[in-house]
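Trainee: Below is the structure, and that's it, no one-letter string:
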DNA sequence: CTTGACCTGTGTCCTAGACACAGGTGTAAA
DNA sequence: TTTACACCTGTGTCTAGGACACAGGTCAAG
């Protein structure tokens, strides 16, 4: 399998596959006549794992660590558990931040509804934003 | 005012100030003897605006557009309203995504609670992740 | 004059790929 | 066989918003 076919079959993009290859996460054989990357079953499993982990928002570096563990015969599960818990904390934070931002934006839209569009003065660039003594 | 003093007084970092200067958002005078950047009142107002807009998650590029508008004497308010609305949509999306990810992570932690830490086999890297036929 | 703390501008680095590009490949028509 | 043309390839570069590294400048104390 060449890059594009492989990527399609795994439901990702050729660029992603090339990227993972570039950083050494995937190690396809190289066709001796083409120089083209050639992917087989083992790469398929590996990529499937990588994509699943990315779905859980693991960073590529974290995935690299996990695969290194596994490649040297150690169980990667404890590491995986760790990362998942961290990720949950981070996601919770993102979640809260998105909430705050959302209400801030909604408030802005509301507050501005009846205000005019002023031209900028030397004092103000846009009174909508600068008018607020927000936070 | 020099960079660090200026940054501190505006409650941001010198690196941020330098960055904005680098890309032309701030245009401090340069001390003729030092070559150091020198910030005054106009820059203060400008930076205050920039930081407020960043709080609303405006991109630096969007802010650049707004300031360009204002600098040429046009009201930036319509543009600002536009961006805020877009941003609200984007934030809503982020918000949803964070929710999805959060529940995915929680589910993983739950599902894995009673599972052992297996060593990797040729077939599996980490059965916790690969075991799931998730989604 | 020297020490040392702090400050400066500039250059490079980060994520996770996306995009551009010159050239290779493969199939079909001529 | 040659040509045409679509598609594919690897590699190099770009992104956002600063953070960090680094060699050298500045300035008050001694």
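Mentor: That came through, no problem. Note that the structure is a prediction, hence the values are computed from the model and not measured.
Trainee: Show me the strands in chain A, by range?
Mentor: A:29-30, A:37-38 (DSSP state E).
Trainee: just checking, residue A:49 touches residue B:130?
Mentor: Yes. Between residue A:49 and residue B:130 a contact is recorded at 6.1 Å, counting by C-beta atoms under 8 Å. Using the backbone N, CA and C atoms, a C-beta is placed for each residue, glycine as well.
Trainee: biggest helix in chain A by residues?
Mentor: helix A:77-112 (DSSP state H).
Trainee: buried ones in that helix?
Mentor: Neighbour-count burial for helix A:77-112, counted by 16 or more other C-beta atoms under 10 Å in any protein chain shown, picks out A:77, A:79-81, A:83-84, A:87-88, A:91, A:94-95, A:98, A:101-102, A:104-105, A:108, A:112.
Trainee: Any chance of the strands of chain A in a markdown table with distance to chain B as columns?
Mentor: Below are these laid out as a markdown table (distance: least, C-beta to the nearest C-beta, whole Å):
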| stretch | distance to chain B |
| --- | --- |
| strand A:29-30 | 18 |
| strand A:37-38 | 20 |
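Trainee: Next, count neighbours for the closest residue to residue A:30 other than its chain neighbours.
Mentor: Closest residue in space to residue A:30, ignoring its immediate chain neighbours: residue A:37 at 6.3 Å, by C-beta to C-beta, 6 or more residues apart in numbering or on different chains. The number of residues packed near residue A:37 is 19, by other C-beta atoms under 10 Å in any protein chain shown.
Trainee: which intervals of chain A have sub-threshold pLDDT?
Mentor: Along chain A, segments meeting pLDDT under 70 span A:131-135.
Trainee: Spell out which parts of it neighbour DNA strand C.
Mentor: A:13, A:15-16, A:18-19, A:33-34, A:54, A:59-61 (C-beta under 7 Å from any atom of the strand).
Trainee: can you count the residues close to residue A:8?
Mentor: 13.
Trainee: Repeat that for residue A:118.
Mentor: The burial count for residue A:118: 15, using other C-beta under 10 Å.
Trainee: And for the one 4 residues further on?
Mentor: The number of residues packed near residue A:122 is 7, by other C-beta under 10 Å.
Trainee: residue nearest the centroid of chain A?
Mentor: The centre of chain A sits closest to residue A:57, judged by C-alpha atoms, centre = their mean, with a distance of 6.1 Å.
Trainee: Would you mind measuring from it to residue A:12?
Mentor: 16 Å (C-beta to C-beta, to the nearest Å).
Trainee: likewise residue A:33?
Mentor: 26 Å.
Trainee: So these two - more neighbours on which side?
Mentor: Neighbour totals were compared for residue A:33 and residue A:12, and residue A:12 leads with 17 against 6 (other C-beta under 10 Å).
Trainee: so the more buried one touches residue A:48, yeah?
Mentor: No. Taking C-beta under 8 Å as the definition, residue A:12 is not a contact partner of residue A:48, at 10.0 Å.
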